[in-house]
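S.K.: Okay, sequence plus prediction incoming.
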Amino acid sequence: MAIQIEPKKRIIIIQTSLTLFVILVLYFIDITMAKSAFLGGFIAIITTTYTLIKVFKKYDATQPHLLLANFYAAEMGRLILVFTLFAFVFALLKPINVIVLFVVFIINHLLPVFLAPYNMR
């Protein structure tokens with residue numbers, strides 16, 4: 001008997017697992033790269049979690065316009081959160097590897113898109 005996990009929780013678990021794996025691999029190469037991977041993954045995981053909570057809060061299925069409004073509000077909040085967290089990282093945390101930071105963020109950010117066809121079971 002397989003353990004059933006909600007699709008939205010599954011996305012967060014996969015993002016976290018991927019980030020931890022990359023951190024572990026990069027830790028043995030360079031500690032700055034590992035720290036940057038942590039920060040990029042952390043930003044992606046926090047913003048994805050925020051979006052999932054905001055979009056999938058309880059709504060009445062007879063009012064689809066409320067779901068659409070939740071999507072718009074979630075994306076606006078996500079953009080603000082991403083800009084704020086990146087500004088914090090660039091302003092206060094040194095040294096960082098910008099390439100690793102953005103690559104891990106982008107991979108984690110796009111992961112739900114690539115997992116969507118497999119996440120509907």
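M.R.: Perfect, I can see it now. Quick caveat, the model's predicted, so the values are computed rather than measured.
S.K.: Please count neighbours and contacts with C-alpha atoms only from this point.
M.R.: OK.
S.K.: If we go by neighbour counts, what in the longest helix along the chain is buried?
M.R.: The helix of greatest length in the chain, counted in residues with DSSP state H as the criterion, is given as helix 64-92. Within helix 64-92, the residues that qualify as buried are L67, N70, F71, A74, E75, R78, L81, V82, L85, F86, V89, counting by 16 or more other Cα atoms under 10 Å.
S.K.: ok, those vs I106, which is closest?
M.R.: Minimum separation from I106 among those (Cα to Cα) is found for V82, which lies at 11.6 Å.
S.K.: contacting residues for that closest one?
M.R.: Taking Cα atoms under 8 Å, 6 or more residues apart in numbering, we find V82 in contact with I43, A44, T47.
S.K.: possible to save these as TSV with neighbour count and pLDDT?
M.R.: As requested, these are exported to TSV (neighbours: other Cα atoms under 10 Å; pLDDT from 0 to 100):
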residue	neighbour count	pLDDT
I43	24	96
A44	29	94
T47	22	93
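S.K.: Out of those residues, which sit inside helices?
M.R.: Reading helices off these with DSSP H, I get I43, A44, T47.
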